[in-house]
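Asker: Got a predicted structure here, sequence first:
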Amino acid sequence: MPSASGRRLPSDRLLTVLTCPLCPSGLIRTGGALRCADRHTFDIARHGYVSLLTGHRRAVSADSADMVRCRGSFLRAGHYDPLARTLVELATELAPPDAVVLDAGAGTGHYLAAVLDALPGALGLGLDSSVHALRAAARAHARAEAVGWDVWRPWPVRTGCADLVLNVFAPRNGPEFHRVLRPDGALLVVTPTSRHLRELRAPLGLLAVDPRKEERLRRTLAARFRHARTESLEYPMSLTPEDATGLVAMSPAAHHVGPAELRRRVGALGTPVRVTASFTVSVYRPRGHQGRRAES
């Protein structure tokens, strides 16, 4: 919803989902900010997102501008489109057309936008702690909203409001996944397999993926979720050196190799750079909701 100044404002429907992070109250839109009954106020950025992080609640780490730029370019090039299509197929099976879809660690909002395209009446809410990612996520889709938050902390979101939660290569907060989901809702989690980017690990000095990652994920969620099914997705990618460099630079792996050294190592791989993309996409259903936090 644009304001008179042209700034994109959060939708009325979003205000039925969000809560104040400092007290149990709901939020209303007033001018260029959101405010609760206790007058806690959160400015709406000119880019269209609202950050609910305040003071000591600020996240200790977040994606940098370079990481977000590289991720945006890589995703727009279509290299992860098969993953987006898999998420869309599952989302349309698991959620109604007018669903509330939460993306925990939304990044640029790429996967959330793909799901919203397939659910014509859905509202999407992306949570992320990176200002640079939020700027992209706020304009990723007409029905996508972006909110600044650290997903490790209890979320400023109403209990039982979500039909679907997406978690794509992002931190996994099992208690909050469970709390915000409806009893008949679903959680979609994407993790890389031990074969993901295997051709790049040794030459570029990337960290290996734990082969027991999926097993650990199930153990982490087991108390609150029932594992419903798993989709395995693996395919070859043929990348330019620029794409390969961006692929590494868009992830935490970028912290282990300097930019100049990364370009040098990628250049030594030849053209094209052939890389395996390998993912596990898991569907979880919430178990009984005894002991859930009461709704305000």
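Answerer: Arrived safely.
Asker: Please make it C-alpha for all contacts and neighbour counts, starting now.
Answerer: OK.
Asker: residue ranges for the helices of the chain, please.
Answerer: Using DSSP state H, the helices of the chain run over 12-15, 65-76, 81-94, 110-118, 131-137, 174-180, 198-204, 213-221, 241-249, 259-267.
Asker: and those helices, which is most packed in?
Answerer: The highest average neighbour count among these, using mean count of other C-alpha atoms under 10 Å, belongs to helix 131-137 at a mean of 25.
Asker: The spatially closest residue to A113 that is not a sequence neighbour: neighbour count?
Answerer: Of all residues not flanking A113 in the chain, H141 sits nearest, at 5.4 Å (C-alpha to C-alpha, 6 or more residues apart in numbering). Neighbours of H141 under the rule other C-alpha atoms under 10 Å: 18.
Asker: how near is H141 to G124?
Answerer: 9 Å (C-alpha to C-alpha, to the nearest Å).
Asker: overlap in contacts of those two?
Answerer: Common neighbours of H141 and G124, counting by C-alpha atoms under 8 Å, 6 or more residues apart in numbering, are A113, L116.
Asker: can you pull the contacts of the residue lying closest to N167 once chain neighbours are set aside?
Answerer: Once flanking residues are discounted, N167 sits nearest to V189: 4.8 Å by C-alpha to C-alpha, 6+ apart. By C-alpha under 8 Å, 6+ apart, the contact list for V189 reads L166, N167, V168, F169, V281, S282, V283.
Asker: Pairing partners for V189 in the sheet, please.
Answerer: Here V189 sits in beta bridges with N167, S282, as judged by DSSP bridges.
Asker: hang on, W152 packs against N173?
Answerer: Yes. Using C-alpha atoms under 8 Å, W152 makes contact with N173 at a distance of 5.8 Å.
Asker: phi, psi of the residue lying closest to R179 once chain neighbours are set aside?
Answerer: Counting by C-alpha to C-alpha, 6+ apart, the nearest residue to R179 once its immediate chain neighbours are dropped is T159, at 5.5 Å. T159 adopts backbone torsions of phi -60, psi 130, taken as degrees, to the nearest 10.
Asker: Would you agree T159 is in contact with V180?
Answerer: Yes. Using C-alpha under 8 Å, T159 is in contact with V180, at 4.5 Å.
Asker: shaky segments in the stretch 1-150 of the chain?
Answerer: 1-8, 55-61 (pLDDT under 70).
Asker: can you tell me which residues contact A122?
Answerer: Per C-alpha under 8 Å, 6+ apart, neighbours of A122: P97, D98, A99, V100, V101, L116, R143.
Asker: T19 is in contact with V157, correct?
Answerer: Yes. Assessed by C-alpha under 8 Å, V157 is found in contact with T19 at 5.4 Å.
Asker: just for the stretch 151-296 of the chain, where's the confidence low?
Answerer: In the stretch 151-296 of the chain (pLDDT under 70), the answer is 253-256, 289-296.
Asker: residues contacting T41?
Answerer: So T41 contacts A33, L34, R35 (C-alpha under 8 Å, 6+ apart).
Asker: what's the burial count for the second one?
Answerer: If you count neighbours by other C-alpha under 10 Å, L34 ends up with 23.
Asker: partners of it in the sheet?
Answerer: With DSSP bridges as the rule, L34 is bridged to R29, F42.
Asker: Surely A277 touches S194?
Answerer: No. Counting by C-alpha under 8 Å, A277 stays clear of S194, with 10.2 Å between them.
Asker: and these two? which has more neighbours close in?
Answerer: A277 (20 against 16).
Asker: separation between the more buried one and Y80?
Answerer: Applying C-alpha to C-alpha to A277 and Y80 gives a distance of 8 Å.
Asker: Ok, T240 next?
Answerer: 15 Å.
Asker: Same check on D98?
Answerer: 26 Å.
Asker: try R158
Answerer: From R158 to Y80 the distance is 32 Å (C-alpha to C-alpha).
Asker: buried ones in stretch 162-172?
Answerer: For stretch 162-172, the neighbour count (16 or more other C-alpha atoms under 10 Å) marks A162, D163, L164, V165, L166, N167, V168, F169, A170, R172 as buried.
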